[in-house]
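In: Here's a sequence, model it:
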Amino acid sequence: MADPSASMTLTIPAPIQVTALPNRRTLATGREPRPETAIRPSFDGQDPAALLEQIPRHETILPQVDAFTLPGGYIWFGDGVDGIALTADGQLALETATFARGYQPLPPEALRARAREIDEDWITIVDCGCHNYYHLLMLAMPRLTYAKAHLPGAWAAVPAHRPSPDGRLPLLDQLIALSGEGHRIRRVEDGLYRLRNLHVIWTNFINPPALHLVDETFACFDILARNVPPAPDRRFPKRIFIERVGDMRLSDPNARRSLDRYLATHGFGKVRLETLDIGDQIRLFAGASHVVAAHGAGLSNIVFGSPQLRVLELNLDLDGRGTLRPWFLLLAAARGQHYQYLNASACELADLPMGLAFDRLMGTRRQALRLRLARLRGRLDRHLARAAILARRLRSGRALLGSRFPGRTPPPQS
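Out: Sure thing, here's the model as predicted:
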């Protein structure tokens, strides 16, 4: 069958930023972000600039969560394009496609010809990251909670059931089941849909994690934690290291050896979150006292930890711009947790700074004592070396004096 768009004009409207969309309604307002107050240096003199300069902020505008209504708006669903939103005129809401894979823009005529008309109000809560735990837990679930509170007449649209490679219930389905909001969900087959009204929930900053600068966002995580059934037979370590299969973010063998040694010294248990369902992940972090992990989606679970949780993130420059992503700092700051980091891109995974970081994390002085002993040993070695040089000089001087005055005994040295 011929493509109905083939004979039509191919003029595609320019994309529009979500924050520039019309019909905006503010749902919640946050406080001035001060995450720098939550950082605990991993060692004296650590410079947090690479982390802090990436935090969404504005000198005069507070962070806020907004709902944008698009009358006659379009929404795409499909692997890699879930939740992409367009206006009735075919303008792409740019940030909803940030994580898209394989998206092909269409002119307005082709959109109208291809779309299925739905006489309902929908809310897009996913953002093309339906296989990423961070996107599902930290972005989709809060949007669902905001939708319930502020858009009660609209359906939250999510992809139809997609089986996980391991045969378990998909992450999104597990989270929706725990949220208790399954009755507000529209399961949508792949395709393009045109709605009576399409709602997009975003912040007044472009970066999606700015959602975590608003206190109301965290209500959804409390709901999820409350809905996890008790499992007294389940036992998890208190001090946990999140291990990932084939993790290339800890590829330096020297850093890995140092890390393994410090984890063993301080009694950390290694956990692979891929082997746990959502309920067990929540139980794990709710009972944890210390967490060490490379930057990655699994660290999102610190939102289920107590204010006494102490976090060490092994971060690195993923964008090649000399900066770090601060998203887990925002979570720890919101939960009142102790947060440290090491910058792998600045050689902070060397043995000495890593040991100092563990000292700070655990409240011990092992590495500091090692460093002090090393310095004392160095001073002693220098003193011994100078003494050896002096002794050689004395022997040399005596030999020289004996050669000038044969048969005489040099006077004793004081």
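In: Where does pLDDT dip in the protein?
Out: The chain contains residues with pLDDT under 70 at 1-10, 165, 246-249, 366-374, 397-414.
In: again, only using 50
Out: Along the chain, the model assigns pLDDT under 50 to residues 1-8.
In: for it, what spans make up the helices?
Out: Listed in chain order, the helices of the chain (DSSP state H) span residues 49-52, 108-114, 133-134, 141-150, 171-179, 219-226, 253-265, 278-286, 327-335, 351-362, 366-404.
In: between the ones you listed, which gets nearest to Pro237?
Out: Nearest to Pro237, of all the helices of the chain, is helix 278-286, at 8.2 Å by C-beta to C-beta. All C-beta spots, glycine's among them, are computed from the backbone N, C-alpha and C.
In: Pull out the buried positions in that closest one.
Out: 278-285 (16 or more other C-beta atoms under 10 Å).
In: report the angle between the axes of that helix and helix 171-179?
Out: If you take axes from the mean of the first three to the mean of the last three C-alpha atoms, to 10 degrees, helix 278-286 sits at 70 degrees to helix 171-179.
In: gap between helix 278-286 and the chain center?
Out: Here helix 278-286 is found 17 Å from its chain centre; the criterion is C-alpha atoms, centre = their mean, to the nearest Å.
In: who does it touch, helix- and strand-wise?
Out: The contact analysis (3 or more C-beta pairs under 8 Å, 6 or more residues apart in numbering; DSSP states H and E) places helix 278-286 against helix 171-179, helix 219-226.
In: Tabulate the buried residues of helix 278-286 in CSV, adding columns for distance to Ala297.
Out: Below are the buried residues of helix 278-286 laid out as CSV (distance: C-beta to C-beta, whole Å):
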residue, distance to Ala297
Ile278, 13
Gly279, 17
Asp280, 16
Gln281, 11
Ile282, 15
Arg283, 18
Leu284, 15
Phe285, 13
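In: which residues touch Phe328?
Out: 295, 299-300, 302, 311, 313, 339 (C-beta atoms under 8 Å, 6 or more residues apart in numbering).
In: need the helices and strands packed on helix 278-286 in a markdown table with distance to Phe358 and mean neighbour count, can you?
Out: Converted to a markdown table, these look like this (distance: least, C-beta to C-beta, whole Å; neighbours: other C-beta atoms under 10 Å):
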| stretch | distance to Phe358 | mean neighbour count |
| --- | --- | --- |
| helix 171-179 | 31 | 20 |
| helix 219-226 | 28 | 17 |
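In: Quick one, which of the ones you listed gets closest to Arg143.
Out: Minimum separation from Arg143 across those (C-beta to C-beta) falls at helix 219-226, 8.8 Å.
In: And the closest one, what does it pack against?
Out: The helices and strands touching helix 219-226, judged by 3+ C-beta pairs under 8 Å, 6+ apart, are helix 141-150, helix 171-179, helix 278-286.
In: May I have stretch 234-242 exported as CSV, CA atoms only?
Out: Output in CSV follows, covering the C-alpha atoms of stretch 234-242 (Å, rounded to 0.1, in the frame of the first residue of the first chain):
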residue,chain,number,x,y,z
ARG,A,234,14.6,-11.6,53.0
ARG,A,235,18.1,-10.6,54.3
PHE,A,236,20.3,-8.0,52.6
PRO,A,237,23.7,-6.4,53.5
LYS,A,238,23.8,-3.1,55.2
ARG,A,239,26.8,-1.9,53.3
ILE,A,240,26.3,-2.4,49.6
PHE,A,241,28.3,-2.0,46.4
ILE,A,242,26.1,-1.9,43.3
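In: Flag every buried residue along it.
Out: Within stretch 234-242, the residues that count as buried by 16+ other C-beta under 10 Å are 236-237, 239-242.
In: ok, so of those residues, who is nearest Ala97?
Out: Lowest distance from Ala97 to the buried residues of stretch 234-242 (C-beta to C-beta) belongs to Ile242, with 29.6 Å.
In: Looks like Glu181 contacts Ala156 (just checking).
Out: Yes. Counting by C-beta atoms under 8 Å, Ala156 is a contact partner of Glu181 at 7.4 Å.
In: neighbour count winner among the two?
Out: More crowded of Glu181 and Ala156, by other C-beta atoms under 10 Å: Ala156, with 25 against 18.
In: For the more buried one, give me its contacts.
Out: With contact set as C-beta under 8 Å, 6+ apart, Ala156 has these partners: 122-123, 125, 143-144, 147, 181, 184-186.
In: For beta bridges, what are the partners of it?
Out: Counting by DSSP bridges, Ala156 is bridged to Ile123, Ile185.
In: could you check the distance from it over to Glu59?
Out: According to C-beta to C-beta, to the nearest Å, Ala156 and Glu59 sit 34 Å apart.
In: and if you look at Ile12?
Out: The spacing between Ile12 and Glu59, counted by C-beta to C-beta, is 36 Å.
In: Pro105 too?
Out: Noted for Pro105: a distance of 35 Å to Glu59, by C-beta to C-beta.
In: Those two: who's more crowded?
Out: Counted by other C-beta under 10 Å, Pro105 and Glu59 do not tie: Pro105 has more neighbours, with 16 against 5.
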